[in-house]
Every structure is written in C-alpha cells, then in structure tokens.
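J.: Have a look; sequence and predicted model below, questions after that.
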Amino acid sequence: MSTEIQHKKIIFTGPVGAGKTTAIQSMSDIPIISTNESATDMTQQRKSETTVAMDYGQIKVGDQERIHLYGTPGQERFDFMWDILTKGALGLILLLDNSRDNPQQDLRFYTQAFKNFIQNGDLVIGVTRSDDIEKPDIDNYRHWIDQLQIRAPVFSIDARERQDVSSLIQALLYTIDPGVTA
C-alpha cells in the first residue's frame, strides 16, 4: 500500500473584491498565505488591501490527499501571475461579484484571459454578493456563458461560508471525474 500523498491544485480567480481570499480562507485547513498589500489605485474604492501575487491554502483529505488552493490577483496588471499559478492545476473557480457595475463584462474578460487554460482544464463559476444585488440572477449568468459557448456550472455563493465554497470545489472535481466522491 502506497503512502505517497496525492496533490491536486485548484485556482480561484476573478475581479478585485469577488471573494477569492475569503473563499480560500473559509476552506483552508492551514493558516492561509496571503500577499495582500495596501491598495493604492482605484482598488481602494472597493477594499483597503489587494492581492499582489497569490493567496494559498490547503485542504487535507484524509492522510493521503491534499488539495492546494491558489488565488490569483484580481487586477489585470498582475496578470503575469495568472499563467504561473495555473501551471499544473486541475481547474479554475471563477468568482464574480454581482454588485460590480458590469459582471457580464467581468465574465467575458476572465473567461477570455484564461481561455487556453479552461480549454484544457475545467471551470466552475461562483457568483458572490447575490444577496446584496438580486439582478443579474443565475439564469442571466447561464445565458451569458451559453453566449460565450462555455460549459460551466454556475452557483450563487457566500465566500465566507465553507459549505458554499466546498460546493464549488466538489462541482469542479465532479466535472473532472464524474465518479469522484468528496
């Protein structure tokens, strides 16, 4: 019987303030590593700190498996980190903030930015702040991804709730291997 630990890598991405750091923090079994710095640009209007390199957390699945959670910076000026972080990843969880001015544009931008990766990996979309702003709703997001000719499940989630984030991870793992149980 092998005692080698299996490692899996999942990436969280999305615009500034969509909940990437919070989602990783709510799931991680270890204290997260965060590269947050004081926001000095228009990001200040949304939050005081922003991720400049990555966030990192880990889920321990029994004694033999680890799921590594990486969060990308949301700002396009740090997009060089996106390619670095997606290397070797199983899939992408795209978080979209429903309270932003144009979440459809955010969806289009991030699916285009990660187009090469999601062609080879898998994608799950989590919509945050739907409790604050009801429209657009999940049906709108489904329509938009259909227009983009992308296949991905879409969930309304609260990034602070472990069960909500767990549902995203389980959906991603299921799209990769429909026989998986988590």
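T.: Everything's here; your move. Numbering: from 1, shown residues only.
J.: Okay, residue 123 and residue 153: tell me how far apart.
T.: From residue 123 over to residue 153 the distance is 9 Å, taken as Cβ to Cβ, to the nearest Å. (Glycine included, C-beta is placed from N, CA and C.)
J.: helices and strands of the protein: which one bottoms out on pLDDT?
T.: strand 33-38 (a mean of 70; mean pLDDT, DSSP states H and E).
J.: More neighbours: residue 123 and residue 153, which one.
T.: Neighbour totals were compared for residue 123 and residue 153, and residue 123 leads with 24 against 17 (other Cβ atoms under 10 Å).
J.: Count residues in the vicinity of residue 29, would you?
T.: 11.
J.: just the one 5 residues further on next, same as before
T.: In terms of burial, residue 34 registers 18 neighbours under the definition other Cβ under 10 Å.
J.: And residue 124, by the same measure?
T.: So residue 124, with other Cβ under 10 Å, has 23 neighbours.
J.: Does anything pack onto the helix or strand in which it is found? Which helices or strands?
T.: Element membership for residue 124 (DSSP states H and E) is strand 122-128. If contacts are counted by 3 or more Cβ pairs under 8 Å, 6 or more residues apart in numbering; DSSP states H and E, strand 122-128 sits against strand 91-97, helix 103-113, helix 138-147, strand 154-156, helix 162-176.
J.: So what's the gap between the shortest one and the chain middle?
T.: If I follow you right, that is strand 154-156. Remark: strand 154-156 is offset 12 Å from the chain centroid, using Cα atoms, centre = their mean, to the nearest Å.
J.: mind listing what it pairs with, with the direction of each?
T.: When pairing is defined by DSSP bridges, strand 154-156 lines up against strand 122-128 (parallel).
J.: Give me the distance from the strand it pairs with to the chain's centre.
T.: Here the centre of strand 122-128 is set off from its chain's centre by 7 Å, with Cα atoms, centre = their mean.
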